[in-house]
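> please find the sequence and the predicted model below.
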Amino acid sequence: MVAVAFLVLTALASFLRFHFMTVERSIIPSDVLPQDAFHVQVIQRLGTAHRDPMPFCIMMLSVQGFAELVEQYDPETGDEIMAFVGEVASSVLRRSDIVCRYEQGVAGLIVDADRSRAAVLAERVIAAFSKATCRCDSGFSGRLQVHLGVVSCPENGERAAGLDEQARAALDEAIGQGPDTYHLAPCETLETEKKAKQESAPDQRALVDPLTGVLRGEKLPRAMQKFLAQLRRQGHPTSVLFIDIDYLQKYNEHYGQEACDLLLQGVGHLLQDVVREDDLIARYSDSEFVILMGCPPEGGLIAAQRVAAEIKKRSFDLNGTQLKITASIGIAGSPVHGTSPRGLLEVSHTALTAAKAMGRGVCLVYDRAMHTKSGDETPAADDF
């Protein structure tokens, strides 16, 4: 009984080592197949509705003679070997990189690096295996010989299915070259992938507000969902800045629609100038904008104050007349104030309402007491 219990515990430990190593990087439901889980990770790397993906590499790593080892020893040996593969690969990659079991004897690696570093990283992974000894409870002990198939995004394309297919082909090439080798897929399919993406992608004009140059309001929920998911996967908080131009209707009444268009266009361009390239900007309604950025609410408040100050000091020329405006901003953060796009927009708008009640150019972080003061109901728990 003691021996059986010991074997069960060691098998469980080897599984948990690999499982926790993967879960630290991204939470995937337990009933999802390993290949599907890996594809989800790749898709999450492929950018948002309004910006291209950041460069990354995919590496398919296979263990030579894996099936023979499992047959010679026992199925638990396969789990222990894959746990060992995960540990060694993770030891030479950054914490933000992904290591997933892909199939029996094959692991998938997603590395935040451009193509220029792919060869160096592949050699580093192979070198790590050459120095490590795998010891299994079944009795197997020895050095694992591995093969790596490598592709890079965007050079090898920007579609998950195409990248996966090329990574598998590159792995087959590496296997044909012998143990402890890698093969970096050539870039010959890049133009084909770009053409396919252009044909299948929606018209860019349908995504961008033509007046302000930022994302259309109706496209915000989906883009926001992707933005939140990406930062959540990386373990980063998110701040939502809900911005309203103070008394825009007064400018419309006094100067006409031309003035409103001028101010909205100017604010849209200003926001693109003063926030980071990675931040998400959208026009929410006639006089309102939304910004998402990867920082906690405290950092969001600092950014909001900077944005409000830039708007206040900027002059907008209307046929020789210099127009000056202010903007009020409400701030909410994920996960502290909510996790869903609808919930975060709702509470950041509540903070905006409280800010506008205090005057012009005010920035406030959301607080639940704001609902009591305004007479509004607290958002439903499902939105948090």
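That came in fine, so what should we check first?

> low-confidence regions, the protein specifically.
Within the chain, the segments meeting pLDDT under 70 span 1-32, 47-52, 188-205, 371-384.

> strand partners of the host helix or strand of Gly108, parallel vs antiparallel please.
Using DSSP states H and E, Gly108 sits within strand 106-111. Under the criterion DSSP bridges, strand 106-111 sits next to strand 56-63 (antiparallel), strand 98-103 (antiparallel) in its sheet.

> mind checking these for the one nearest to Asp36?
strand 98-103 (10.3 Å; Cβ to Cβ). In this view, the C-beta of every residue, glycine as well, is placed from N, C-alpha and C.

> any chance you could map the strands in the stretch 251-384 of the chain?
Ranges of strands in the stretch 251-384 of the chain, per DSSP state E, counting those that start in this stretch, are 280-283, 288-293, 315-318, 321-324, 327-334, 363-365.

> Asp261: which of those strands is closest?
Shortest distance between Asp261 and the strands of the stretch 251-384 of the chain, using Cβ to Cβ, is found for strand 315-318: 10.0 Å.

> for Leu231, give its distance to Leu93.
20 Å (Cβ to Cβ, to the nearest Å).

> and those two? Which one has more around it.
Neighbours were counted for Leu231 and for Leu93 using other Cβ atoms under 10 Å; Leu93 has more, 21 against 18.

> need the contact list for the more buried one.
Residues in contact with Leu93, defined by Cβ atoms under 8 Å, 6 or more residues apart in numbering, are Val99, Leu109, Val111, Leu121, Val125.

> gap between it and His39?
Computed with Cβ to Cβ, the distance linking Leu93 and His39 is 19 Å.

> can you check Ala357 too?
The value you get for Ala357 to His39, if Cβ to Cβ is used, is 48 Å.

> those two - which one has more neighbours?
Comparing Ala357 with His39 by other Cβ under 10 Å, the one with more neighbours is His39, at 19 against 13.

> so which strand or helix has the more buried one?
Counting by DSSP H and E, His39 is found in helix 34-45.

> regarding Asp137, what is its secondary structure?
Under DSSP: H, G, I helix; E, B strand; the rest coil, the three-state class of Asp137 is coil.

> isn't it up against Tyr73?
No. Using Cβ atoms under 8 Å, Asp137 is not in contact with Tyr73, being 9.5 Å away.

> and the residue nearest to the spatial centre of the chain, how far from Lys219?
In the chain, the residue lying closest to the centroid (Cα atoms, centre = their mean) is Gln230, at 2.4 Å. Between Gln230 and Lys219 the computed distance is 16 Å (Cβ to Cβ).

> same check, this time on Tyr255
Counting by Cβ to Cβ - Tyr255 and Lys219 are separated by 30 Å.

> could you do Arg94 as well?
Taking Cβ to Cβ, one finds Arg94 at 32 Å from Lys219.

> comparing these two, which residue is more hemmed in?
Neighbour totals were compared for Arg94 and Lys219, and Lys219 leads with 18 against 9 (other Cβ under 10 Å).

> looking at this, that one is in a helix?
Yes. Assessed by three-state DSSP, Lys219 belongs to a helix.

> pretty sure Cys100 sits against Ser90.
No. Counting by Cβ under 8 Å, Cys100 stays clear of Ser90, with 10.9 Å between them.

> higher neighbour count, the two?
Legend: neighbour count by other Cβ under 10 Å for Cys100 and Ser90, higher for Cys100 (23 against 20).

> output stretch 108-115 as CSV, restricted to C-alpha atoms.
Once non-C-alpha atoms are left out, stretch 108-115 reads as follows in CSV (Å, rounded to 0.1, in the frame of the first residue of the first chain):
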residue,chain,number,x,y,z
GLY,A,108,4.5,24.1,-27.7
LEU,A,109,6.4,27.3,-26.8
ILE,A,110,5.2,30.8,-27.4
VAL,A,111,8.0,33.3,-26.9
ASP,A,112,7.8,37.1,-26.9
ALA,A,113,10.7,37.7,-29.2
ASP,A,114,11.1,38.8,-32.8
ARG,A,115,12.6,36.7,-35.6
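
> distance from the chain centre to that stretch, please.
Counting by Cα atoms, centre = their mean, to the nearest Å, stretch 108-115 is centred 14 Å from the centre of its parent chain.

> what comes into contact with it?
38, 41-42, 45, 54-61, 89, 93-94, 96-102, 118, 121, 125, 152, 155, 167, 184, 187.

> how about stretch 136-147?
Contacts for stretch 136-147 (Cβ under 8 Å, 6+ apart): 7, 10-11, 61-65, 69, 72-74, 76-77, 80-81, 84-85, 125-126, 129-130, 132-135, 171, 174-175, 177, 179-182.

> quote the end-to-end distance of that stretch.
Terminal residues of stretch 136-147 lie 21 Å apart, using Cα to Cα, to the nearest Å.

> for that stretch, which positions count as buried?
Cys136, Asp137, Ser138, Phe140, Leu144, Gln145, Val146, His147 (16 or more other Cβ atoms under 10 Å).

> again with stretch 58-75
Buried positions in stretch 58-75, judged by neighbour count with 16+ other Cβ under 10 Å: Ile58, Met59, Met60, Leu61, Ser62, Val63, Phe66, Leu69, Val70, Tyr73, Asp74.

> quick revisit: how much does the strand holding Gly108 deviate in direction from helix 34-45?
Using axes from the mean of the first three to the mean of the last three Cα atoms, to 10 degrees, the direction of strand 106-111 lies 10 degrees away from that of helix 34-45.

> picking that back up, of the contacts of stretch 108-115, keep whichever come out buried.
Counted by 16+ other Cβ under 10 Å, the contacts of stretch 108-115 give 38, 41-42, 45, 55-61, 89, 93, 97-102, 118, 121, 125, 152, 155, 167, 184 as buried.
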